[in-house]
Structures are given as structure tokens and as C-alpha cells.
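Engineer: Here is my input, please return the structure:
(chains A and B)
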There are 2 protein chains.
Amino acid sequence: MADPALPVPRRRRRGRPSGGATDARERILDAAVAEFEAHGYDAATIRSIAARADVDPALVHHYFGSKADLFTAVIDAPMQPARFLPEILDGDLDGAGERLVRFLLDLWEQPDFRRRGIAVMRAMMGSKRTANILVGFVSREILRRITTRLGGGDDARRRAGLVASQIVGLIVTRYVIELPPIAEATPDEVVAAVGPTLQRYLTGDLEG
Amino acid sequence: MADPALPVPRRRRRGRPSGGATDARERILDAAVAEFEAHGYDAATIRSIAARADVDPALVHHYFGSKADLFTAVIDAPMQPARFLPEILDGDLDGAGERLVRFLLDLWEQPDFRRRGIAVMRAMMGSKRTANILVGFVSREILRRITTRLGGGDDARRRAGLVASQIVGLIVTRYVIELPPIAEATPDEVVAAVGPTLQRYLTGDLEG
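Structural biologist: Okay, here's the model as predicted:
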């Protein structure tokens, strides 16, 4: 399921209580989300995140590296592009638009994912620095995969960007600001309405 | 040009130097944008905004009312729905999707609009309170107009929401986070790609 090209964090280590490392990692991620939410990216520190997670700051560095790396891990958690994109893109490209929006809704309807995802969207908008980290992540992990699947080149790159534009707008209006007609629609209604948009961006005529 | 249903602030008053009131209003709006950007909505105060604009706090209250009203005025400035939506919607509905995206790009390509617009998008994402003010504004001033033009009812309301989802996503990816393939596209390319999406949301088949 995981992409072998990405570093996969070790979930357990021998000689430690089963699940202990996983717990600490998850606690650190939760603490990072809370600190980024409460104080913004620039004011949050590895030290304050470690204190909130009740671990040594060295452990945060050990698992995640720098603050920017930790922020990237926080982004990765709700989006999980290495997990879902290959599945969605490897099948028949004709159904990929619908599969993509359905997968995203399945993920974001889960309260834990949504909480982290909203924190990421807020941080992304909060400052140029977090926006740049997110743009780097989205470009590398999401747009590159879509672009490659579409055969590469400028046209494929633009198609991937258009897909991102509708996905970002859907997530912001449905989950972050909760604009009533979008927030109240059923997942099936959203898939029926937005799936064809993503499909056209992936494979349709874009010249008008 | 202005919607008679909306309160139109007086631009000038007799007995004051010509343009003086306009200047003060604009200075207050600029100061509000800067304060909301620098400290967030919750921490900004009428007093701090007045100090930045070099006016008496009573003048801020006089022109704009409460802090929430002032925030609404800041939202209105870059979006100006009362000005552009009737023009766009009153014509042939078949071309409205393209007209809408072209108008938005014309507006947002102007640096002054963009600066304020980005501040609004940031504030919107920053807290539940500003999100609610923005959702109220967008529902009242934008979605209601589109819904009415489409004949009213739940289907029309959902169509208006879908239009908003793509517009928000386009603005966030092109202007706020500057996702390269969307930020680098020419306005004509964006219109050709996104216009048909808005058109389908307005008048097309949404049942798949």
C-alpha cells in the first residue's frame, strides 16, 4: 500500500513496549497540529510541541527532523497521497475523477482526518512560509503523480493543477468554512456534481 | 451600478474638503486589512485600526459600525458582488460561466484587489468567527443572487454553492498559495478551462 519511494517511518522498535513508538509519534503529530493551530507555524517550536506531547524535544527531532519536516508530516497525515493516489490513478483513467472525489470525501468525512486537514488548510493560508511548504508537498507528492499518469509535459501539469483547484475549493467550502449548500450536500450528490469536473480536467477538452 | 438594496456609504459630505471623507474611508479600510492581516480578526480592535489609519475611533464607528461590519466592508471591497453579479447574471445564462471567471480574473489580476482579497481569504480561514462572517456575506450577497437568477429552490442553491467551490479553489490556488501550474496559466487558459465548469454548475446536468 505504501509507496516504496517514500521513507516509511518505523512503527515499532524491538525492546520497547509494543505500540509505544507509534503512540509517541501520534502524540507528537497531534501536538504539532494543536500548536500550529493555536500559535501558527512561525511561533510554534519543536520545544513547545514536545512539551505538549509530553516527550523530549530530541525525540521529535529523531522522528521528524526539522520543524518544516514535521509540518510536512502533518500535511501528509490527512492527505496520504502515497497511499491513495496510486490506487486511484492506476485503474481506468476514465473513472479517475469520480474515484478521486469519492476517496477524498471518505477520508474527510472522518472526524480525525478532518480535524488535522482543517489545521493544515488553515496553516497553508496563514503565511507565505507554510504556503510554500504546502505547495512543495502538493507539487511533489500529488501533482507529480497525476502529471506522470497523464504522460507528463505542460498540458498534463496544467490538468493536475486544475484538479487541485477544484479539490481545494471543495474542501475549503465543505469542511473549513462550511458553506451551507456544499456542506449540506450528501457525498453522492457531491460525487455526481464534482466527479465530472475532475474527469474533464484529467482527460477532457480544455480549450473550450 | 450599485444595488439599491445595499446601504451605500456616503462618499462625501458638504462642508468638508472634497475627497476628505473618501480618503479617510479608504485609509480605514486599508488599515483594517493591515490589522486583520497582522494580528488576525480576534486580536484586531477598532482602536488599533483607527490608530493605524490616523483617525479617531469614533470615525471608524461612524463609517462602518462594529468590527464585524468593518470586516464585511473589507470583504465587499475586493469582491464587489453588488457591482459585478447583476451584469454577469442578467445577460444570456449560457455565457455566464465564462463571463464570471473572466470578471474574477480581471479583478484579481489588479494588485490592489489581490492584496485585499488575499487578506480576506486568510482571515476567512483563520477562525470560525471570521469564517462565519464570510459565509454570511457570501450566502447573502453572492449565492442568493445566483440562486434567484436560476429560479430559486434547492437545486439552484446547490448550483450556486458548486460555483462558489470552484471559484474559491481557483482563487486560493492561483493567488493565495500560488500553485505553479495554476498561477502560471494565462487568464485565457484559465477561462477556457474553468468557464465550462462554472457553466455546467449553473445550467448543466449534475446528476452524472
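Engineer: and residue A:92, how far is that from residue B:109?
Structural biologist: From residue A:92 across to residue B:109, the span is 38 Å (CB to CB, to the nearest Å). C-beta coordinates here come from the backbone N, C-alpha and C atoms, glycine included.
Engineer: what's the answer for residue A:133, then?
Structural biologist: 26 Å.
Engineer: And these two? Which one has more around it.
Structural biologist: residue A:133 (20 against 12; other CB atoms under 10 Å in any protein chain shown).
Engineer: Specify the next element, helix or strand, located C-terminal of the helix or strand residue A:96 falls within.
Structural biologist: Element membership of residue A:96 [criterion: DSSP states H and E] is helix A:96-108. Sequence-wise, the next helix or strand downstream of helix A:96-108 (DSSP H and E) is helix A:111-126.
Engineer: Give me the next element, helix or strand, following that next one.
Structural biologist: Downstream of helix A:111-126 (by DSSP H and E), the next one is helix A:128-137.
Engineer: which helices and strands sit right next to the helix or strand that comes right after that following helix?
Structural biologist: Under the assignment DSSP H and E, the closest C-terminal helix or strand after helix A:128-137 is helix A:144-149. Under the contact criterion of 3 or more CB pairs under 8 Å, 6 or more residues apart in numbering or on different chains; DSSP states H and E, helix A:144-149 touches helix A:81-90, helix A:154-171.
Engineer: nearest residue to the residue in chain A that chain B sits nearest to other than its sequence neighbours?
Structural biologist: Proximity of chain A to chain B (CB to the nearest CB) peaks at residue A:169, 2.2 Å away. Take residue A:169 and drop its neighbours on the chain: the residue closest to it by CB to CB, 6 or more residues apart in numbering or on different chains is residue B:169, 2.2 Å away.
Engineer: same thing with residue A:63?
Structural biologist: Residue A:63 sits nearest to residue A:25 (CB to CB, 6+ apart), 5.5 Å away.
Engineer: Surely residue A:50 and residue A:59 touch.
Structural biologist: Yes - with contact defined as CB atoms under 8 Å, residue A:50 reaches residue A:59; the gap is 7.0 Å.
Engineer: of these two, who's got more company?
Structural biologist: The neighbour comparison of residue A:50 against residue A:59 (other CB under 10 Å) goes to residue A:50, with 21 against 17.
Engineer: In which helix or strand does that one reside?
Structural biologist: Judged by DSSP H and E, residue A:50 forms part of helix A:46-53.
Engineer: Got the domain ranges for chain A?
Structural biologist: Using automatic domain parsing, the domain ranges for chain A come out as A:20-76, A:79-203.
Engineer: Ranking helices and strands of chain A by mean pLDDT, which lands last?
Structural biologist: helix A:111-126 (a mean of 81; mean pLDDT, DSSP states H and E).
Engineer: Only alpha carbons, please: show the helix holding residue A:96 as PDB.
Structural biologist: Only the C-alpha atoms of helix A:96-108 are listed here, as PDB (Å, rounded to 0.1, in the frame of the first residue of the first chain):
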ATOM      1  CA  ALA A  96     -10.500   8.500 -12.100                       C
ATOM      2  CA  GLY A  97     -12.300  11.800 -11.500                       C
ATOM      3  CA  GLU A  98     -15.200  10.100  -9.700                       C
ATOM      4  CA  ARG A  99     -12.800   7.800  -7.700                       C
ATOM      5  CA  LEU A 100     -10.700  10.700  -6.600                       C
ATOM      6  CA  VAL A 101     -13.600  12.800  -5.200                       C
ATOM      7  CA  ARG A 102     -15.200   9.800  -3.600                       C
ATOM      8  CA  PHE A 103     -11.900   8.800  -1.900                       C
ATOM      9  CA  LEU A 104     -11.400  12.400  -0.600                       C
ATOM     10  CA  LEU A 105     -14.900  12.500   0.800                       C
ATOM     11  CA  ASP A 106     -14.500   9.100   2.500                       C
ATOM     12  CA  LEU A 107     -11.300  10.500   4.100                       C
ATOM     13  CA  TRP A 108     -12.600  13.900   5.100                       C
END
